[in-house]
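> Return a 3D structure for these sequence lines:
(chains A and B)
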Amino acid sequence: MRSIAAHLLHLGLVAGLLLTNAHASDVPSPFSLSGFGTVGAVRTDKDNRMFRSSTEQVSGAGTDFDPSVDSVLGVQASLILSNALDLTVQSVVRKGVADSYSPQLTWGFLRFQAMPEIVVRAGRMRTPFFMYSDSLNLNYATPWVRPPVEVYSLNPFADLNGVDALYRTPIGATDLELHVYGGQSSLDIRNGGGKLQAVRGVKAALSVSSLTLQAGYARSNLSIHWGDPMFTSLNNHLIASGNDAIARDLSGDDSKGTFLSAGFQYDSDRLLMIGEYARRTVDRYTVSAAGWYFTAGYRFNSLTPYMTVARQTQTAPVTTKQSGIAPIDSLLSLFNAMRNKSQNSMAIGARWDVTRNVAVKTQLERIHPGPGGLGIFVNDNFRDVVDPGGPVHVFSISADFVF
Amino acid sequence: MRPLRALLLLVALLASSPNRAEILIVTSNRSGPIELTRDQAEKLYLGRSSTFSDGTPASLVDLPNGQVRDEFYLKLTGKNPAQIQAYWSRLVFTGRALPPKEARSLAEARQWLTDTPNLIGYLDRNEPTTGMRILLRLP
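Numbering: from 1, shown residues only, chains lettered A, B, ... in the order given. Reported below is the predicted structural model:
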């Protein structure tokens, strides 16, 4: 899939150069090329708490400024095929699964305007489970350095291969958008993989002047096959000791998950407020958890200072079963804790709109990992996972751009 | 003599008043019988609609970055340049809508708006509109 993304991108760039090099034309070109990106650096005040922007990243930032956590580049090409049909391809490069920088095909779909109010799309899209899920790489569009990890780490499955329909209609002064979608999603993890199959979801958004209210719900079948050495060792011990029932809670192809979210955005000419609650519930293989955040900001011309509070809480561990064998049970509790991303945080920051296409941001967060896990942080020392300790301060600077 | 001097004074006053010129939303004379309300124009330029009220697909033109473009968006949508850029980038990079076609120059925009049916765009009131039809005035 990655090489397909690279090829499509290459084709798009070549076509774009050919078309835009043409002489000033009498009619607008059916082709457009645009892009976005972030150049960012982040550091913490503890070397044994490595900060990541997503759970797919294997390594993170310590006490040295690290440019790999937040930096991202995206390029998008669109081609209008007819009045009702167009094609869009988007590719993104950033540190992702297993710290790989391979270009990913983030969007690649045909869009069909079935009726004035109805758009149908088919192909590669983004899982739209939460409020900003479909634009997680596009930091330019938000006040933050990055979307709050307390909510957005609840869904590591970013790609959706399938079909969706968007219905938009005014109701008096209010604008209603209904979004229904279906498909499947795959995720590579180190030596393993995850899959969402038969995803079906619905999302509704109501906009009236400066206020948007949004709610979404999705269900899916879930497979996860962990591949890390710790899981392999635990799994072997469970099977050797006849605890197959516990092993079947840790990985396999027979789980279901639901994703729920409700949020709002208030964006007047001065005051800015954003809040969201999201919840992931699964039968087995990983933890169930809920998260929320609230952000308030105020625009002084091109400067927007803001503050955010956020929390993620685990609602159920991977498994509550016990083998009765002490060494295995301690491995089990470690396995649970490694998947527990509970944390709470407070952040202050500012966005400065330097020019029309560039925003410079800075953010200082005080993150309390736990209880029962290291939150978004990683550390090679297993003992730290069950004893996360005190708060970690995370300082970020970034420049976001669109072109 | 006195009325003429008063008139000259008035003209001078008007000319020196802050430049918040009227902006026109126009389309080619070759377009069909398009009608456009302020509300529909706002929906189109916020990507919330992609057709005229009779269902005809609409295409939009943006002027190059500059004062007329900024004033147009401020008047029509109440959003400043940074807000409108953030708003549209979210629509575009989530595959919701294709952005208005940005002309490389005012001359190119005028050419498109003269030649291409069912394309709408905006011009400063002082621009000539030969070959175009004025759909809406934003005072």
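
> need the contact list for whichever residue of the stretch 301-403 of chain A sits closest to chain B.
Closest residue of the stretch 301-403 of chain A to chain B, CB to the nearest CB: A:D353 (3.9 Å). No exception for glycine: its C-beta is placed from N, CA and C like everyone else's. Residues near A:D353 by CB atoms under 8 Å, 6 or more residues apart in numbering or on different chains: A:302-304, A:359, B:82.

> likewise B:P33?
Listed by CB under 8 Å, 6+ apart, the contact set of B:P33 reads B:D54.

> residues in the stretch 101-250 of chain A within reach of chain B, list them.
A:107, A:109, A:111, A:113, A:116, A:121, A:125-126, A:134-135, A:137-138, A:140-142, A:166, A:168, A:170, A:175 (CB under 8 Å from any CB of the partner chain).

> B:Y122: neighbouring residues, count only.
28 (other CB atoms under 10 Å in any protein chain shown).

> number of nearby residues for the residue of the stretch 1-150 of chain A found nearest chain B?
Of all residues in the stretch 1-150 of chain A, the one sitting closest to chain B is A:P28 (3.7 Å; CB to the nearest CB). Look at A:P28: counted by other CB under 10 Å, it has 20 neighbours.

> Could you do the one 5 residues further on as well?
For A:L33, the count of nearby residues is 18 (other CB under 10 Å).

> before we move on, what SS does A:F335 have?
Of the three states, A:F335 takes helix according to DSSP: H, G, I helix; E, B strand; the rest coil.

> Please name the residues that touch it.
A:F335 neighbours (CB under 8 Å, 6+ apart): A:230-231, A:234, A:250, A:318.

> go on, B:T130?
Counting by CB under 8 Å, 6+ apart, B:T130 has contacts B:T114.

> same question, A:D244
A:L238.

> Give me the phi and psi for it.
For A:D244, the backbone dihedrals (degrees, to the nearest 10) come out as phi -60, psi -30.

> With adjacent residues omitted, what lies nearest to A:H225?
What sits nearest to A:H225 in space, not counting adjacent residues and going by CB to CB, 6 or more residues apart in numbering or on different chains, is A:G192, at 4.4 Å.

> For the closest residue to B:I34 other than its chain neighbours, list the residues it contacts.
Spatial nearest neighbour of B:I34, excluding adjacent residues (CB to CB, 6+ apart): B:F52 at 5.3 Å. By CB under 8 Å, 6+ apart, B:F52 lies in contact with B:34-36, B:40, B:58, B:118.

> Secondary structure class of the residue of the stretch 1-150 of chain A closest to chain B, three-state.
coil.

> In space, what's closest to it - neighbours in sequence excluded?
In space, A:P28 is closest to B:K101, 3.7 Å off (CB to CB, 6+ apart).

> same check, this time on B:I120
Nearest non-adjacent residue to B:I120 (CB to CB, 6+ apart): B:T27, at 4.8 Å.

> can you give me the helices for chain B?
Assigned by DSSP state H, the helices in chain B fall at B:2-16, B:38-45, B:67-77, B:81-93, B:106-115.

> Which other helices and strands does the third one contact?
For helix B:67-77, the helices and strands in contact under the criterion 3 or more CB pairs under 8 Å, 6 or more residues apart in numbering or on different chains; DSSP states H and E are strand B:23-28, helix B:38-45, helix B:81-93, strand B:119-124, strand B:132-138.

> Same list (the ones you listed) but as TSV, adding distance to B:L106 and mean pLDDT.
Converted to TSV, these look like this (distance: least, CB to CB, whole Å; pLDDT from 0 to 100):
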stretch	distance to B:L106	mean pLDDT
strand B:23-28	13	96
helix B:38-45	18	94
helix B:81-93	18	93
strand B:119-124	8	96
strand B:132-138	13	95
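
> Just put these in a markdown table and tack on distance to B:R69.
Output for the helices and strands packed on helix B:67-77, formatted as a markdown table (distance: least, CB to CB, whole Å):
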| stretch | distance to B:R69 |
| --- | --- |
| strand B:23-28 | 10 |
| helix B:38-45 | 11 |
| helix B:81-93 | 8 |
| strand B:119-124 | 8 |
| strand B:132-138 | 13 |
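
> could you give the angle of the host helix or strand of the residue of the stretch 301-403 of chain A closest to chain B to helix B:81-93?
Assigned by DSSP states H and E, A:D353 falls within strand A:343-355. Inter-element angle recorded for strand A:343-355 and helix B:81-93: 110 degrees (by axes from the mean of the first three to the mean of the last three CA atoms, to 10 degrees).

> Quick check: buried residues in strand A:343-355?
A:343-345, A:347, A:349-353 (16 or more other CB atoms under 10 Å in any protein chain shown).

> Skipping adjacent residues, who's closest to the residue nearest in space to the middle of chain B in space?
In chain B, the residue lying closest to the centroid (CA atoms, centre = their mean) is B:Y122, at 2.1 Å. Spatially, and ignoring its direct neighbours in sequence, B:Y122 is nearest to B:F72 (4.8 Å; CB to CB, 6+ apart).

> doesn't B:R137 make contact with the one you found?
No - applying CB atoms under 8 Å, one finds B:F72 not in contact with B:R137, separated by 11.9 Å.

> Who has more neighbours out of those two?
Taking neighbours as other CB under 10 Å, B:F72 and B:R137 compare with B:F72 leading, 23 against 11.

> Would you indicate which residues of stretch A:374-383 are buried?
So for stretch A:374-383, counting by 16+ other CB under 10 Å, buried means A:374-379.

> ok, A:R190 - how many residues close by?
Count around A:R190 with other CB under 10 Å applied: 14.

> what's near enough to touch it?
A:58, A:98, A:227-228.

> What of A:A205?
A:176-177, A:179, A:212-214.

> rerun that using 6 Å as the cut-off
A:177, A:212, A:214 (CB atoms under 6 Å, 6 or more residues apart in numbering or on different chains).

> for the residues you listed, which one is nearest A:V282?
A:Q214 (22.8 Å; CB to CB).

> Grab the nearest non-local neighbour of the closest one.
For A:Q214, ignoring the flanking residues on the chain, the nearest one in space by CB to CB, 6+ apart is A:A205 at 4.5 Å.

> tell me which element that neighbour is part of?
Using DSSP H and E, A:A205 maps to strand A:192-208.

> got it, and A:S34?
Going by DSSP H and E, A:S34 is in strand A:31-44.

> ok so, going back, tell me how far the residue nearest to B:I120 lies from B:P117.
8 Å (CB to CB, to the nearest Å).

> Which stretches in the stretch 301-403 of chain A count as strands?
In the stretch 301-403 of chain A, the strands defined using DSSP state E, counting those that start in this stretch lie at A:303-316, A:343-355, A:358-369, A:392-402.

> quick one: is the first one near chain B?
No - using CB under 6 Å from any CB of the partner chain, strand A:303-316 never reaches chain B; the gap is at least 9.1 Å.

> Equivalent analysis for the shortest one, please.
Yes - where contact is defined by CB under 6 Å from any CB, part of strand A:392-402 touches chain B, namely A:V402.
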